[in-house]
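Participant: Give me a 3D structure for the following:
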Amino acid sequence: MIDVIVIGAGPAGLAGAIACAESGLKVVVLDEFVKPGGRLLGQLHQEPSGEWWNGIKESERLHQEARKLSVNIHCGVSVYNLEKEDQLWNVHTSIGALEAPFLLLATGAAEYPIPLSGWTLPGVMSIGAAQVMTNVHRVQVGKKGIIIGANILAFAILNELQLAGIAIDRIILPEKSPLSQKAGNPEEVLKSLLNASHLAPSQLLRVGSHFMKNDWIRKAGLNLYPKNGLKINGTPLQLRKAAIEIIGRDKVEGVRVANIDAKGNIIAGTEMIYEADFVCIAGGLYPLAELAAIAGCPFEYIPELGGHVPHHSETMDTPLEGLFVAGNITGIESGKIAMAQGTVAGLSITKYAGKKLDIINEQMQQAIQKVHAIRQQAAIQFNPEINSGRSKMHELWKALYVKKSSQGTPKKIV
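Facilitator: Numbers count the residues shown, from 1 in each chain. The predicted structure follows:
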């Protein structure tokens, strides 16, 4: 009999599976990709300490550790339905139905699309797809590209593409529209980027970015922003230019752009064409939480966490008995945070399964503290107000699902 089914073989899912298996639980992991690792497979960057974070090596380490603990990992498997019968979760997959009393959803995140004219041409892809093609499949996506969309994810992958010898000609914004929302507004984009100003490539830019956090100075700075942009690792970031159309007959040949004002409005008569043979659209990330919705888990919209997230506690359990979540499904953060959350979820499942009761509470607290420590040390936050978002979910959980016993001890409302 299976004790735990984990959906998602990324950092959160593998870490959760390992924590469960270490206590003797029988674990099955399912993932639709052809190999385990999730988003780790595409990650390659240098940490502020100077050390290199190699996602492929990290995923191999987790995979080998899981295999040593007899975790059964099935890749290339799709999950299309979840339902609870009696005390068991039934998971319907492309290889048949599986059942277990405990279910961990570690489905990760997906990219926001930003539709614009010409985006169906061959050579147009999401920024995440470019990362996977380059770092996982070792395929050169093109020789000269343009990134449409300026956010932390775009800058992280820009560096990875450059390391692979791929030239990115420039980074511009999408045209302002109801679909692009804040991504097409230079003021909003600059405000979000200033939260990563400590990563600027020069002391002058870091100091200047500090002053730009003042609203008046920031608005004045946008009006004086250089037409040719400021360079990020040698690539111009042009906050005052927006993509109107991706052009080409049978494939990408360039991007039609126009100058924009500080609010993102097109300035008439300023259109021009930049040549390119591929385009990356960077819309940002949101929690991939459809399976939690199918299971019947309640949701809350918390922008600081990246969108709609399932209700969950700090110990990664949900209001539904036997259902746990970990990783980017709970809010957009790094792979290191996802692994730490996966460990917390695995320990939480271990506790509910009645294993290691003599030491499990101490282990759980240590694992939760590790999540906080990694978050505090993170050089990059995909959502700068992540702590506020986590606090909102914590308060919501306490208000809806926790009551005090006669001794004052918190208890989950079942």
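Participant: Show me where the stretch 51-200 of the chain has its strands.
Facilitator: 52-54, 72-75, 79-85, 88-93, 96-100, 102-105, 109-111, 124-126, 144-148, 167-174 (DSSP state E, counting those that start in this stretch).
Participant: who does the fifth one touch, helix- and strand-wise?
Facilitator: With contacts defined as 3 or more Cβ pairs under 8 Å, 6 or more residues apart in numbering; DSSP states H and E, the packing partners of strand 96-100 are strand 4-7, strand 27-31, strand 88-93. Backbone N, C-alpha and C define where each C-beta goes, glycine included.
Participant: Buried deepest among those, which one?
Facilitator: Of the helices and strands packed on strand 96-100, the one with the most neighbours on average (mean count of other Cβ atoms under 10 Å) is strand 4-7, at a mean of 27.
Participant: so what does that strand touch, helix or strand wise?
Facilitator: Using 3+ Cβ pairs under 8 Å, 6+ apart: strand 4-7 touches helix 11-21, strand 27-31, strand 88-93, strand 96-100, strand 102-105.
Participant: Nearest to residue 237, out of those?
Facilitator: helix 11-21 (29.2 Å; Cβ to Cβ).
Participant: what mean pLDDT does the closest one have?
Facilitator: Helix 11-21 shows a mean pLDDT of 97.
Participant: quick check: angle from that helix to strand 27-31?
Facilitator: Helix 11-21 runs at 170 degrees relative to strand 27-31, counting by axes from the mean of the first three to the mean of the last three Cα atoms, to 10 degrees.
Participant: Centre of the chain to helix 11-21, how far?
Facilitator: 18 Å (Cα atoms, centre = their mean, to the nearest Å).
Participant: same check, this time on stretch 324-332
Facilitator: Taking Cα atoms, centre = their mean, one finds the center of stretch 324-332 at 9 Å from the center of the full chain.
Participant: which residues of this structure fall in helices?
Facilitator: Under the criterion DSSP state H, the chain contains helices at 11-21, 55-68, 127-135, 152-163, 186-193, 203-211, 215-223, 290-295, 335-352, 360-377, 386-401.
Participant: which of the ones you listed is buried the deepest?
Facilitator: With neighbours taken as mean count of other Cβ under 10 Å, those reach their highest mean count in helix 11-21, at a mean of 30.
Participant: Would you mind pulling up the elements that it packs against?
Facilitator: Counting contacts by 3+ Cβ pairs under 8 Å, 6+ apart, helix 11-21 packs against strand 4-7, strand 27-31, helix 55-68, strand 102-105, helix 335-352.
Participant: Quick check: mean pLDDT of stretch 387-405?
Facilitator: In this model, stretch 387-405 carries a mean pLDDT of 89.
Participant: Now distance to residue 191 and mean pLDDT too, for the helices and strands packed on strand 96-100, in CSV please.
Facilitator: Below are the helices and strands packed on strand 96-100 laid out as CSV (distance: least, Cβ to Cβ, whole Å; pLDDT from 0 to 100):
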stretch, distance to residue 191, mean pLDDT
strand 4-7, 36, 98
strand 27-31, 36, 98
strand 88-93, 42, 97
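Participant: Tell me how far residue 280 lies from residue 68.
Facilitator: Shown here: residue 280 relative to residue 68, a distance of 38 Å by Cβ to Cβ, to the nearest Å.
Participant: Leaving out sequence neighbours, find the closest residue to residue 279.
Facilitator: Using Cβ to Cβ, 6 or more residues apart in numbering and skipping residues adjacent in sequence, the residue nearest residue 279 is residue 124, 4.8 Å away.
Participant: contacting residues for that neighbour?
Facilitator: Neighbouring residues of residue 124 by Cβ atoms under 8 Å, 6 or more residues apart in numbering: 118, 246, 252, 278-279, 281.
Participant: now for the residues you listed, which pair is the farthest apart?
Facilitator: Distance extremes for the contacts of residue 124: the farthest pair is 118 and 278 at 12.5 Å, using Cβ to Cβ.
Participant: the more surrounded of those two?
Facilitator: Neighbours around residue 118 and residue 278, counted as other Cβ atoms under 10 Å, are more numerous at residue 278. The numbers are 23 against 19.
Participant: which residue is nearest the centroid of this structure?
Facilitator: Closest residue to the average C-alpha location of the chain: residue 332 at 4.3 Å, with Cα atoms, centre = their mean.
Participant: what's the spacing between the residue nearest to that one when sequence neighbours are not counted and residue 298?
Facilitator: Once flanking residues are discounted, residue 332 sits nearest to residue 306: 3.8 Å by Cβ to Cβ, 6+ apart. Distance, residue 306 to residue 298, using Cβ to Cβ: 17 Å.
Participant: Measure how buried residue 164 is and give me the count.
Facilitator: With other Cβ under 10 Å as criterion, residue 164 counts 17.
Participant: pretty sure it contacts residue 136?
Facilitator: No - at 11.6 Å, residue 164 and residue 136 do not qualify as touching, with contact defined as Cβ atoms under 8 Å.
Participant: Of residue 306 and residue 298, which one has the most company?
Facilitator: Counted by other Cβ under 10 Å, residue 306 and residue 298 do not tie: residue 306 has more neighbours, with 23 against 14.
Participant: hang on, isn't that one packed against residue 330?
Facilitator: No - using Cβ under 8 Å, residue 306 is not in contact with residue 330, being 9.4 Å away.
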